[in-house]
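In: got a structure for you, letters missing:
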Ligand SMILES: [Zn+2]
């Protein structure tokens, strides 16, 4: 929403408050544009925000004084004459540590404004359960060299964490992460004690962060309704509705893996029978492709990948069966949420080529014609790093929302 340059009439005190609010709003509008769209000229920024050139000059001056943007020559001069100066985000001006606690790996990245990745590390690990304290120590060991190698003039503004579990955003408590073996794990507090110097530590579910990353950085411009489906040991979904994450009353929305899909199916780890993930999660994929009931984890998935690439008939048939069940669930989600895009991530990204035809057929058989006509089902573009990128976006969001207030406690964290 472009905001008027002129504050509404009123007494001096109220006008002052309104002016301050308008200015904060406009600073956020400009920084958000630059963060997501990349470098733009002042005049282009003025035209797309609807603000005057003089207001834009003031805003860019303030963002520059906050070290969040810098003006420089055009990266891609075109035509004759002097290239128009471009306004860039300054990655060092707001840096976050992104962390992913997944079942088969731990990952960290240092990411600055504009999505600039300074460095990243991923450590594959076995599925033996480790305590939350041990996991946090491992994360700290991975992260410290990255933090130490940041340029001396950087400003660390937060830590964003994605966890394969049901997570309370207000304080980073992981209520339940069955595949990590955790219940009521205070991951936010533990990571804050280890890695934060007062910066906020924001913890969220991995599929919610995958959806955030795909929506903002996955190459879907203009898409306002997106569902990201994370195939891991279980199945999770992150839902973007009307440009905003749909988190539910307490942040636990999207547990689609435990939606009933086959009443006569397999028992699920949650205690119910026939949940979606019992038909299309990792165990089902390995079982249906003949990998054996005991097969789990990266080694089993690597072996499966080789067999699928080699075109083994039984493996491809198993993939098609998993794809069909996956597609039926996707069709249900299309009917429920009417998305423009359904992004398949994690396991489904890895095996997309083998699953896709059956997913499309299954989804089409279940979805109603009207919502089906608007939707695309696509593989994740961000692949294995989707959650990590989403964690960085989450941690950067307070600075984007209130650039001048970034030193204060963050407001609402989505
Ligand atoms: Zn279940």
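Out: That came through, no problem. Model, not experiment: these values are computed from the prediction.

In: Every contact and neighbour count from this point should use C-alpha atoms.
Out: Will do.

In: Check which residues of stretch 375-391 are buried.
Out: Within stretch 375-391, the residues scored as buried using 16 or more other Cα atoms under 10 Å are 375, 377, 379-383, 385-391.

In: and that stretch, how far apart are its ends?
Out: Length of stretch 375-391, first residue to last, Cα to Cα, to the nearest Å: 26 Å.

In: which residues are contacting that stretch?
Out: Applying Cα atoms under 8 Å, 6 or more residues apart in numbering, the contact partners of stretch 375-391 are 98-100, 107-109, 160-162, 203-204, 206-207, 209-214, 218-219, 334, 338-346, 348-350, 352, 360.

In: roughly how far is it from the heart of the chain?
Out: Using Cα atoms, centre = their mean, to the nearest Å, the mean C-alpha position of stretch 375-391 is found 8 Å from that of the whole chain.

In: need the contact list for the residue of the stretch 301-414 of the chain found nearest the ion.
Out: Closest approach between the stretch 301-414 of the chain and the ion, counting by Cα to the ion: residue 329, at 13.7 Å. Contacts for residue 329 (Cα under 8 Å, 6+ apart) come out as 261, 276, 363.

In: how many other residues sit next to the last one?
Out: Other residues near residue 363 come to 25 when the count uses other Cα atoms under 10 Å.

In: Pretty sure it sits against residue 333.
Out: No - here residue 363 lies out of contact with residue 333, judged by Cα atoms under 8 Å, at a distance of 9.1 Å.

In: Okay, and the residue nearest to residue 204 when sequence neighbours are not counted sits in which element?
Out: Spatial nearest neighbour of residue 204, chain neighbours left out: residue 162 (5.2 Å); criterion: Cα to Cα, 6 or more residues apart in numbering. Using DSSP states H and E, residue 162 sits in strand 156-163.

In: For the helix or strand just after that strand, report the contacting residues that lie outside it.
Out: Sequence-wise, the next helix or strand beyond strand 156-163 is strand 166-168, with elements assigned using DSSP H and E. Defining contact as Cα under 8 Å, 6+ apart, one finds that strand 166-168 is touched by 173, 174, 175, 176, 177, 203, 204, 205, 250, 251, 252.

In: does the residue nearest to residue 131 when sequence neighbours are not counted have beta-bridge partners, and which?
Out: Nearest non-adjacent residue to residue 131, counting by Cα to Cα, 6+ apart: residue 182, 7.4 Å away. Taking DSSP bridges as the rule, residue 182 bridges to residue 177.

In: my read: residue 182 touches residue 132, true?
Out: Yes - using Cα under 8 Å, residue 182 is in contact with residue 132, at 7.2 Å.

In: Could you check which of these two is surrounded by more residues?
Out: The neighbour comparison of residue 182 against residue 132 (other Cα under 10 Å) goes to residue 132, with 21 against 17.

In: could I get the buried residues of stretch 375-391 as JSON lines with secondary structure?
Out: As requested, the buried residues of stretch 375-391 are arranged in JSON lines below (DSSP: H, G, I helix; E, B strand; the rest coil):
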{"residue": "375", "secondary structure": "coil"}
{"residue": "377", "secondary structure": "strand"}
{"residue": "379", "secondary structure": "strand"}
{"residue": "380", "secondary structure": "coil"}
{"residue": "381", "secondary structure": "coil"}
{"residue": "382", "secondary structure": "coil"}
{"residue": "383", "secondary structure": "helix"}
{"residue": "385", "secondary structure": "helix"}
{"residue": "386", "secondary structure": "helix"}
{"residue": "387", "secondary structure": "helix"}
{"residue": "388", "secondary structure": "helix"}
{"residue": "389", "secondary structure": "helix"}
{"residue": "390", "secondary structure": "helix"}
{"residue": "391", "secondary structure": "helix"}
